[in-house]
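> this one's sequence-less:
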């Protein structure tokens, strides 16, 4: 008997602002397909599918403690658990939506983020919490600007042309995936000071200058990657991809995304000068998998 799909949610990539959000600076996150899904199951698989220490596992335990009945649903990951495209936050969002039987129109993305961070805070042992900005974007869909300090959410999909931004997955490569939880724990002492480092202000400025039309998105991406590299926040493999792809004709900016910029690689093109097929082929030779040849609009949680 075929599975009956019940809900779905897109994946995500940070365009600009990762790491800066740990100090409540803004970020821009794009949502991408293919979508994560859940389907009706007669096997009660929520309890066995999710790791008990994952956000969804912690949420499930919280619901059980409250006496709520968990739905019997099967998790469907189109990326086959390679990571880096928002699977963890997708699990949390889909379970949250199923238990409350509500859509994004009835629960705001900001409220879901608050619940996400509250659940994680209970088991964080004082470690920095994930920003939850990616969860906001996945709940909303499209391309989202989010300011953690004010909790302002803005859709900026209509403001820009996204057709010349290529996204490649890299997390499947051996030794490439950086576990976010462990990485955040290593940043604990720095984040705990609460004083915003100058390089975080520099990242925020790059984002602001792009949004204000003072510089191109490609340049903002390239500059942001270099700022993070200067703080040892770019994996060597991500750095090598960035340098190699930046040299190709028609490429105006390259930046990794995710912890140590290692999960995905974003490549901005000058449409008049770029040979898309050639650039995609060169990226493929480096072991990168094309996720999006230009970003298409993705609805939020459904």
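Noted; the coordinates are in hand. Keep in mind it's a predicted model, so treat the numbers as computed, not measured. Residues are numbered from 1 along each chain as shown.
> show me the strands in the stretch 51-200 of the chain, by range?
Using DSSP state E, counting those that start in this stretch, the strands of the stretch 51-200 of the chain run over 73-76, 143-147, 152-155, 165-169.
> show me the contacts for residue 201.
residue 25 (C-beta atoms under 8 Å, 6 or more residues apart in numbering). Glycine gets a C-beta too; all of them are placed from N, C-alpha and C.
> so how far is residue 222 from it?
18 Å (C-beta to C-beta, to the nearest Å).
> same deal with residue 88?
28 Å.
> tell me where the stretch 1-150 of the chain has helices.
Listed in chain order, the helices of the stretch 1-150 of the chain (DSSP state H, counting those that start in this stretch) span 46-49, 55-65, 87-100, 109-121, 133-140.
> same list, the ones you listed, but as a markdown table with distance to residue 28 and mean neighbour count please.
Output for these, formatted as a markdown table (distance: least, C-beta to C-beta, whole Å; neighbours: other C-beta atoms under 10 Å):
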| stretch | distance to residue 28 | mean neighbour count |
| --- | --- | --- |
| helix 46-49 | 31 | 17 |
| helix 55-65 | 22 | 19 |
| helix 87-100 | 16 | 23 |
| helix 109-121 | 15 | 18 |
| helix 133-140 | 9 | 28 |
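> would JSON lines of the ones you listed with distance to residue 282 and mean pLDDT be doable?
Formatted as JSON lines, these follow (distance: least, C-beta to C-beta, whole Å; pLDDT from 0 to 100):
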{"stretch": "helix 46-49", "distance to residue 282": "38", "mean pLDDT": "56"}
{"stretch": "helix 55-65", "distance to residue 282": "36", "mean pLDDT": "89"}
{"stretch": "helix 87-100", "distance to residue 282": "28", "mean pLDDT": "90"}
{"stretch": "helix 109-121", "distance to residue 282": "37", "mean pLDDT": "94"}
{"stretch": "helix 133-140", "distance to residue 282": "28", "mean pLDDT": "97"}
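> among those, which comes closest to residue 246?
helix 133-140 (25.3 Å; C-beta to C-beta).
> that closest one vs helix 109-121, what angle?
140 degrees (axes from the mean of the first three to the mean of the last three C-alpha atoms, to 10 degrees).
> which other helices and strands does helix 133-140 contact?
The elements that helix 133-140 packs onto, with contact taken as 3 or more C-beta pairs under 8 Å, 6 or more residues apart in numbering; DSSP states H and E, are strand 5-16, strand 27-40, helix 87-100, helix 109-121, strand 143-147, strand 152-155.
> now the ones you listed as TSV including distance to residue 262?
Output for these, formatted as TSV (distance: least, C-beta to C-beta, whole Å):
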stretch	distance to residue 262
strand 5-16	12
strand 27-40	17
helix 87-100	15
helix 109-121	22
strand 143-147	22
strand 152-155	27
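> for these, which one sits closest to residue 302?
Smallest distance to residue 302 across these (C-beta to C-beta): 5.4 Å, for strand 5-16.
> partner strands of the closest one, with direction?
Next to strand 5-16 in the sheet, as set by DSSP bridges, lie strand 27-40 (antiparallel).
> where does the stretch 101-250 of the chain have low pLDDT?
101-105, 125-126, 178-182, 184-186, 188-189, 194 (pLDDT under 70).
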